[in-house]
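Peer 1: the sequence and its predicted three-dimensional model are supplied below.
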Amino acid sequence: MKNIEQIYTNCLAQGSYFIESNGEAAVIDPLRESFPYLERAERKGVKIKYIFETHFHADFVSGHLDLAKKTGATIIYGPSAKTNFEKHTAQDGEEFQIGELTIKVLHTPGHTPESSCYLLLDGKGKEHAVFTGDTLFIGDVGRPDLAQKATNLTQEDLAGWLFDSLRNKIMPLPDDVIVYPAHGAGSACGKNMSSETWDTLGNQKKTNYALRHDMSREEFIDEVTTGLMPPPQYFSKNAMLNKNGYSSFDEAMERGLNALMPKDFKNLVEQDDVLVLDVRKRWDFVKGFIPGSLFIGLDGSFAPWVGALIPNMDQKIALVVEEGKEEEAVRRLARVGYDNAIGYLKGGIDAWANNGGNVETLKSITVEEYIDNNALYDHKVIDVRKPGEFETAHISNANLLSLDFFSKHDFENEISKDQTYMIHCRSGFRSTIAASILYQKGYKKLINIIGGFDKIKSSDILTAGTCPSLVMK
């Protein structure tokens, strides 16, 4: 249907939707920034009438508040949603008109209690598409453990609700209905989502394990609750921002786009409450970085790692960024609620070095160099991938220190500052992040393997096995 536009943001693995008909429009699960929707409304000559939220998102800060202020649109949540801002709480089955189109609310609790899907009916009343939020993904369903603390429910309780919602509200819909979810592969809101961003419901009934007709309620609960990784620490904080409100996105952008000369930058970063965040490409970072800085590159899963590794969302952040990427860096921080970027280093690392700033380097080698010279190094190996990746296959003498759980490690009792460590992940992105954190803690005898396990696995230094006991404390 030409009336629907999916706006997919790869770095968040998130899909929002712009629906328009006869001069009216609706937005579903908007990004933090209003521009994508305001631009489309102006270009198409339509007025945004409604902003539909499928649930209280945990993995990003939604743009419903700013967009509503700028357009006058009504914010709509499903039944039982309680907020600290004005909105319309829809009833199950309630319908809303967008030109000739109708959007019908399907309350589908399970991922969260207020989770709702939105069924789109065409001008003749035919079911055309369903916007499923985190209730139903392509190849998966939403995890049922994120709303436990807020509801005093168990994940098994919520999983049971999700089973009922899928069977009673979604699966009875016609097979040709198009499923438009809120997330795809790479999101932590499910376990094993497809890289496809939409599909027909009929195909999902055939291929999605959670929609098997012969699956009992007990089997479903067991399937969706088994193997869940702990959610990143920022998830609960983002959910509260989406529920209670947040500061202006435009103000966060203006504050972060403050060009700082090297002298001013130096004065700032010498303050204990300022974090230097280096967002350049990993191979640029290892060649020279400001001592004590944290690396998280824009060319990887930037926002999720920011949320996982920077515990304080009010943290003052001073950016080291590639020229021309300043706006992108501040915007992507704000998407996950980090609104306190206070500026960036004008002229980059070269300006810093040319004005007397100290620069450290991280020794890095290619996979080929590691394999060819493995016997020459007096070293141990640190693998920072996920436990499941490690258990599938790993280097024979590797220790697992998963980046996902860095905040929980007692490094002083696990690794030595006098020992040389090779550090790797799948590609070199996570290992560079991990190395920057270990450098902050005084571990300087690190050699980063750029290229990572994808190339290492073809060599004969690989073995399968279980995780070393020192890691999983």
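Peer 2: Structure received.

Peer 1: which stretches of the protein have low pLDDT?
Peer 2: For the chain, the stretches with pLDDT under 70 are 1, 148-151, 374-378, 458-473.

Peer 1: quick one: the strands in the stretch 151-300 of the chain?
Peer 2: With strands called from DSSP state E, counting those that start in this stretch, the stretch 151-300 of the chain shows them at 178-181, 199-200, 259-260, 274-278, 294-295.

Peer 1: who wins for proximity to N399 among these?
Peer 2: strand 294-295 (21.2 Å; Cβ to Cβ). For glycine as for every other residue, the C-beta is placed from the backbone atoms N, C-alpha and C.

Peer 1: would you mind identifying the next helix or strand past the closest one?
Peer 2: Note on strand 294-295: by DSSP states H and E, the next helix or strand toward the C-terminus is helix 302-309.

Peer 1: what angle do the helix or strand that comes right after that next one and helix 302-309 make?
Peer 2: Going down the chain from helix 302-309, the next helix or strand is strand 316-320, by DSSP H and E. Relative orientation of strand 316-320 with respect to helix 302-309: 140 degrees, computed using axes from the mean of the first three to the mean of the last three Cα atoms, to 10 degrees.

Peer 1: for the residue nearest to M215 when sequence neighbours are not counted, give its distance to R217.
Peer 2: Using Cβ to Cβ, 6 or more residues apart in numbering and skipping residues adjacent in sequence, the residue nearest M215 is E223, 7.5 Å away. Distance, E223 to R217, by Cβ to Cβ, to the nearest Å: 11 Å.

Peer 1: which one of these two has more residues nearby?
Peer 2: More crowded of E223 and R217, by other Cβ atoms under 10 Å: E223, with 17 against 12.

Peer 1: what's near enough to touch that one?
Peer 2: 209-210, 215 (Cβ atoms under 8 Å, 6 or more residues apart in numbering).

Peer 1: I'd like these as a markdown table, with distance to N354 appended.
Peer 2: Formatted as a markdown table, the contacts of E223 follow (distance: Cβ to Cβ, whole Å):
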| residue | distance to N354 |
| --- | --- |
| Y209 | 57 |
| A210 | 57 |
| M215 | 64 |
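
Peer 1: nearest to I371, of these?
Peer 2: Closest to I371 out of the contacts of E223 is Y209 (37.9 Å), distances taken as Cβ to Cβ.

Peer 1: can you report how many residues neighbour the closest one?
Peer 2: Neighbour count of Y209, defined by other Cβ under 10 Å: 14.

Peer 1: and for the one 10 residues further on?
Peer 2: Applying the criterion other Cβ under 10 Å, we find 12 residues in the vicinity of E219.

Peer 1: how far away is it from E414?
Peer 2: With Cβ to Cβ as the criterion, E219 and E414 are 39 Å apart.

Peer 1: how about the helices in the stretch 201-350 of the chain?
Peer 2: In the stretch 201-350 of the chain, helices defined by DSSP state H, counting those that start in this stretch lie at 201-207, 217-225, 234-244, 249-256, 262-269, 282-287, 302-309, 326-334, 348-354, listed in chain order.

Peer 1: make a markdown table from the ones you listed and add distance to F85 to it.
Peer 2: Converted to a markdown table, the helices of the stretch 201-350 of the chain look like this (distance: least, Cβ to Cβ, whole Å):
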| stretch | distance to F85 |
| --- | --- |
| helix 201-207 | 33 |
| helix 217-225 | 31 |
| helix 234-244 | 8 |
| helix 249-256 | 15 |
| helix 262-269 | 34 |
| helix 282-287 | 40 |
| helix 302-309 | 23 |
| helix 326-334 | 18 |
| helix 348-354 | 40 |
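
Peer 1: I365: which of these is closest?
Peer 2: helix 282-287 (10.2 Å).

Peer 1: and that closest one, which residues are buried?
Peer 2: Residues 282, 284-286 are the ones in helix 282-287 that count as buried (16 or more other Cβ atoms under 10 Å).

Peer 1: which other helices and strands contact it?
Peer 2: With contacts taken as 3 or more Cβ pairs under 8 Å, 6 or more residues apart in numbering; DSSP states H and E, helix 282-287 sits against helix 429-440, strand 446-450.

Peer 1: spatially nearest residue to G428 (excluding sequence neighbours)?
Peer 2: Of all residues not flanking G428 in the chain, I450 sits nearest, at 4.2 Å (Cβ to Cβ, 6+ apart).

Peer 1: equivalent analysis for A334, please.
Peer 2: Nearest one to A334, counting by Cβ to Cβ, 6+ apart, is A252 at 4.6 Å.

Peer 1: and the one you found, what does it touch?
Peer 2: Contacts of A252 by Cβ under 8 Å, 6+ apart are 330, 333-334, 339-341.

Peer 1: give me that answer again for 10 Å
Peer 2: Under the criterion of Cβ atoms under 10 Å, 6 or more residues apart in numbering, the neighbours of A252 are 32, 246, 330-331, 333-334, 337-341.

Peer 1: which among those gets closest to A303?
Peer 2: Relative to A303, and with distances defined as Cβ to Cβ, the nearest of the contacts of A252 is L333, at 7.5 Å.

Peer 1: so what's the spatially closest residue to the closest one that is not a sequence neighbour bridging to?
Peer 2: Using Cβ to Cβ, 6+ apart and skipping the chain neighbours, the partner closest in space to L333 is A341 (5.5 Å). Here A341 sits in beta bridges with I317, going by DSSP bridges.

Peer 1: touching, A341 and L319? I think so.
Peer 2: Yes - using Cβ atoms under 10 Å, A341 makes contact with L319 at a distance of 6.1 Å.

Peer 1: quick revisit: residues near the residue nearest to L333, how many?
Peer 2: With neighbours defined by other Cβ under 10 Å, the count for A341 comes to 26.

Peer 1: same deal with the one 3 residues further on?
Peer 2: By the criterion of other Cβ under 10 Å, Y344 has 26 neighbours.

Peer 1: same question, E323
Peer 2: Neighbours of E323 (other Cβ under 10 Å): 9.

Peer 1: Y37 now?
Peer 2: Neighbourhood size, Y37 [other Cβ under 10 Å]: 26.

Peer 1: and if you look at D214?
Peer 2: D214 has 5 nearby residues by other Cβ under 10 Å.

Peer 1: quick check: end-to-end length of stretch 341-356?
Peer 2: Stretch 341-356 has its terminal residues 24 Å apart, counting by Cα to Cα, to the nearest Å.

Peer 1: chain center to that stretch, what's the gap?
Peer 2: 28 Å (Cα atoms, centre = their mean, to the nearest Å).
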